[in-house]
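Q: Okay, sequence plus prediction incoming.
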Amino acid sequence: MDFKGKRVLVAGTGLSGISAARLLEKKHAEVILYDGNEALKEEDIRSRFEEGTEAEIVIGELPDRIVDALDLTVFSPGIPLDTPAAVKLKTKNVKIWGEIELAYQAGKGRVAAITGTNGKTTTTALVGEIMKNYFDSVYVVGNIGTPYTGAALEMTDDTVTVAEVSSFQLETIENFRPDVSAILNITPDHLDRHKTMENYIAEKEKIAMNQRSTDTCVLNFDDAVTRKFGEGLQTKVLYFSRFEELQKGVYLKSGAICYNDGSRITEICRLDELKLLGSHNHENVMAAAAIGISMGVPMDVIRKTVREFVAVEHRIEYVAEKNGVKYYNDSKGTNPDAAIKGIQAMVTPTLLIGGGYDKNSEYEEWIEAFDGKVKLLVLIGQTREKIAKAAADCGFTNVRFADSLEEAVKICAAEAVSGDSVLLSPACASWGMFKNYEERGRMFKEYVYHLEG
């Protein structure tokens, strides 16, 4: 799309919204920056533009005079599409994009896009390293920290973009077409926004909706939803599996990750060569290898990269050892399924810190996955009573409440003995107590560092 002279409303004034507005101004669009939070001040929003902005700022209710003159709207992913502003825009037939669609329209080169309920950040980071070790121009963007729109104008035809994309971002795509897409897994999450699992699954599956027969979709064979999805795709499908020896795909056999191209089996690496803990990370490595293969990266580059890769921050990240007790930061475990993987990775008696914002999740399956490993569950946040009830219903009663994360760390430090582990793996979002899971993880690490020992 030619954005020159177009009147574009950018909804949301966080990192995503500011980045989108910057891109649109560089493309000579007329930008209106909108935020429904009446507590915000225009000067504070303008201060977020280091180079200044000519955008009109609208705060509070969205006036009809603005809506009636719009050519396009770009929504930040955190804004649901059933807000009054979104409903008004839809009623007036104003096109609504998200950051992913805008960046794709403005960018160049090839794209590998990764979604899934869990494992996105680790897999995206690993795929990014694989690409950087082979291609000259690589950008790793999306939920992983760098807005896609912030890099789009720097891309060339030779660029490879690795994008972590969420269901929120996929809600608003139109022409976004990755050369390689991947759905790592699908388990219940964000049902407060998507309302039903069917809606959530449909949003995830949009990642492949524009792909052609020459493109590839990488899918988890062990996940019933993604396996069935692959059976109906017109694009090429490459499965990965932890449990099945595939006739074509990436799979685990006898302690090694292998690739069968349909005629020849190649060993990618052995599990004991990896620096990533946990069976879920073995899946992440298989997915990343499948994406690398699909993007044309030589096997020796993939092999070397996966062997050297270390865990990303906030995902079962080793923090420190204090008085013989090891502390791990799994703040990225923002739903029960992710937190199950966190506890499964522990090999010692564990004191677990959980709780936070309620996304309408159920916690019984998480509690049952403790499997005798968890000595003490310390709960914080909005969900602590709900989780404590689920624990009691499952027969787990050694539960303590804390009023802050700092207090939870101190309780664990007092109760742990040498040889134990303390794991922050909340099974909940961070909102209400922290800005995001990154801040929660950083504060956890600070509290651990300040413990005596």
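A: On my side now, so go ahead.
Q: Report how many residues lie close to residue 438.
A: 15 (other CB atoms under 10 Å). From N, CA and C alone the C-beta is placed, and that goes for glycine too.
Q: which ones are touching it?
A: Going by CB atoms under 8 Å, 6 or more residues apart in numbering, residue 438 touches 313, 314, 331.
Q: and what of residue 238?
A: Residue 238 makes contacts with 216, 217, 218, 219, 248, 249, 250, 290, 293, 294, as judged by CB under 8 Å, 6+ apart.
Q: Quick one: mean pLDDT for the longest helix seen in the chain?
A: What stands out as the longest helix in the chain, according to DSSP state H, is helix 279-294. The predicted model gives helix 279-294 an average pLDDT of 95.
Q: so after that helix, what's the next helix or strand?
A: Proceeding C-terminally, helix 279-294 gives way to helix 299-308 as the next helix or strand, assigned by DSSP states H and E.
Q: contacts for that following helix?
A: Residues outside helix 299-308 that contact it (CB under 8 Å, 6+ apart) are 126, 129-130, 133-134, 257, 259, 266, 268-269, 273-275, 285, 288-289, 292-293.
Q: one more time with 6 Å
A: Helix 299-308 is contacted by residues 129, 130, 133, 134, 268, 269, 273, 285, 289, 292 when judged by CB atoms under 6 Å, 6 or more residues apart in numbering.
Q: And those, which is closest to residue 361?
A: residue 285 (26.9 Å; CB to CB).
Q: then stretch 422-440 to CSV, C-alphas only?
A: Output of stretch 422-440 as CSV, limited to C-alpha atoms (Å, rounded to 0.1, in the frame of the first residue of the first chain):
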residue,chain,number,x,y,z
VAL,A,422,13.1,-22.4,44.0
LEU,A,423,11.1,-21.8,40.8
LEU,A,424,9.2,-18.8,39.8
SER,A,425,6.7,-20.2,37.2
PRO,A,426,3.4,-18.4,37.9
ALA,A,427,0.9,-20.0,35.4
CYS,A,428,-0.6,-16.5,35.2
ALA,A,429,0.0,-13.2,33.5
SER,A,430,1.8,-10.5,35.4
TRP,A,431,-0.7,-7.6,34.9
GLY,A,432,-1.9,-5.9,38.1
MET,A,433,1.4,-6.4,39.9
PHE,A,434,3.9,-5.8,37.1
LYS,A,435,3.9,-4.2,33.6
ASN,A,436,4.8,-7.5,31.9
TYR,A,437,6.4,-10.9,32.6
GLU,A,438,9.9,-9.4,31.8
GLU,A,439,9.6,-6.9,34.7
ARG,A,440,8.3,-9.7,37.0
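Q: Give me the distance from that stretch to the chain's centre.
A: Averaged C-alpha coordinates place stretch 422-440 at 14 Å from its chain's average position (CA atoms, centre = their mean, to the nearest Å).
Q: Now it: average pLDDT?
A: Per-residue pLDDT over stretch 422-440 has a mean of 95.
Q: Going forward, the N-terminal residue is numbered 55.
A: All set: I'll call the first residue 55, so the last point we hit is now stretch 476-494.
Q: got the buried residues for it?
A: 476-485, 487-488, 491, 494 (16 or more other CB atoms under 10 Å).
Q: Neighbours of residue 309, how many?
A: By other CB under 10 Å, the residues close to residue 309 number 9.
Q: now it, nearest residue through space, not along the chain?
A: residue 325 (5.2 Å; CB to CB, 6 or more residues apart in numbering).
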